[in-house]
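Visitor: Provided below are the primary sequence and the corresponding predicted coordinates.
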Amino acid sequence: MAKAIHSMIRVLDEARSVSFYDLAFGLKVADRLDFDSFTLIYLSNPETGFELELTVNKGRTEPYNLGDGYGHLAFSVSDVDAEHARLTAAGLAPRKLVDFAPGGTVIARFFFIADPDGYQIEVLQRAGRYL
């Protein structure tokens with residue numbers, strides 16, 4: 001059986017992105033591989049073995065065009081209300097909390113937040129299939 005191990009996104013500013021993911025999600029640098037034209041930074045936390053790989057292409061000055069193919073990353077948290085309040089207080093501007101109830105019963109509580117490069121991140125209440 002295959003095991004998901006990481007997802008990669010390209011970022012413009014290593015320090016800004018590492019700081020955001022640490023503050024927002026407690027992701028710390030697990031490894032950093034520096035090459036001539038790019039750097040790979042692997043971020044993780046004790047909650048899961050899954051990592052976020054940041055790729056910094058050296059010499060790049062223009063923001064990346066995220067296009068219309070990118071969807072979002074997702075994190076589950078034990079208290080989505082508290083996380084929303086914490087991220088708001090930290091000045092990270094999360095969007096409004098949503099109670100997703102297409103059939104009348106709430107199946108998910110979540111909000112979205114954008115990282116410094118514009119990548120959208122869904123933050124879900126840890127419940128149901130979002131454990």
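Guide: All right, it came through fine.

Visitor: for the helix or strand containing residue 8, packing partners?
Guide: Assessed by DSSP states H and E, residue 8 sits inside strand 6-10. The contact analysis (3 or more Cβ pairs under 8 Å, 6 or more residues apart in numbering; DSSP states H and E) places strand 6-10 against strand 48-57. All C-beta spots, glycine's among them, are computed from the backbone N, C-alpha and C.

Visitor: Next, the angle strand 6-10 makes with the strand it packs on.
Guide: 20 degrees (axes from the mean of the first three to the mean of the last three Cα atoms, to 10 degrees).

Visitor: re earlier: could you pull out the buried residues of the strand holding residue 8?
Guide: Within strand 6-10, the residues scored as buried using 16 or more other Cβ atoms under 10 Å are 9-10.

Visitor: roughly how far out does that strand sit from the chain middle?
Guide: 10 Å (Cα atoms, centre = their mean, to the nearest Å).

Visitor: swap in stretch 93-103?
Guide: Using Cα atoms, centre = their mean, the offset of stretch 93-103 from its chain centre is 17 Å.

Visitor: ok, now stretch 12-22?
Guide: Per Cα atoms, centre = their mean, the centroid offset for stretch 12-22 relative to its chain is 11 Å.

Visitor: So which bits of it are buried?
Guide: Buried-residue list, stretch 12-22, by 16+ other Cβ under 10 Å: 12, 14, 17-18, 20-21.
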